[in-house]
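My questions are about this predicted structure, shown below with the sequence.
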Amino acid sequence: MSTAQFVVGVIGNITSICLFLSPVPTFVRIFKLRSTEEYSAVPYVATLLNCFLWLLYGSPFVKWGVLVVTINGAGAFIEFVYLFTYLVYSKDRRTRVGFCVPTEAVVMIICFVPKVVKTKYI
């Protein structure tokens with residue numbers, strides 16, 4: 001990896017972390033009001049899935065995947081915090097159950113798929 005590629009990658013990571021932190025004002029409002037009001041958690045679930053897929057891609061398939069793995073690992077952590085906060089302040093029990101089950105399924109898939117890829121292709 002050349003220096004120029006690394007610099008562009010770091011700039012991309014800085015931009016991505018700003019993107020991951022952009023919902024902070026929304027969650028400050030959720031903290032203050034102690035309610036999710038009419039906010040939807042779908043964007044946060046989609047971003048979490050996106051981070052997991054990039055982690056899956058960056059781990060075994062990219063030679064210099066450090067930049068891919070670090071930013072998407074941080075993004076997955078941030079999205080977990082957002083979703084946990086959303087679930088804590090959600091008043092609707094259906095919402096809590098409806099998010100916990102699919103999230104658990106996604107986490108199980110993310111834990112299972114790398115083992116299959118490692119044993120089958122590596």
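Received it, and whenever you're ready, just let me know what you need.

Now do the helices in this structure.
3-21, 24-33, 42-58, 66-89, 93-121 (DSSP state H).

Adding mean neighbour count and mean pLDDT, write those out as JSON lines.
Any C-beta I mention is one placed from the backbone N, CA and C, and that applies to glycine too. Conversion of these to JSON lines gives the following (neighbours: other C-beta atoms under 10 Å; pLDDT from 0 to 100):
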{"stretch": "helix 3-21", "mean neighbour count": "13", "mean pLDDT": "91"}
{"stretch": "helix 24-33", "mean neighbour count": "13", "mean pLDDT": "92"}
{"stretch": "helix 42-58", "mean neighbour count": "17", "mean pLDDT": "83"}
{"stretch": "helix 66-89", "mean neighbour count": "18", "mean pLDDT": "87"}
{"stretch": "helix 93-121", "mean neighbour count": "12", "mean pLDDT": "63"}
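
and E37, how many residues sit next to it?
Close neighbours of E37, defined as other C-beta atoms under 10 Å, add up to 10.

Quick check: the gap between the closest residue to it other than its chain neighbours and Y39.
Closest residue to E37 apart from its sequence neighbours, by C-beta to C-beta, 6 or more residues apart in numbering: I30 at 7.7 Å. Using C-beta to C-beta, to the nearest Å, one gets 7 Å for the distance from I30 to Y39.
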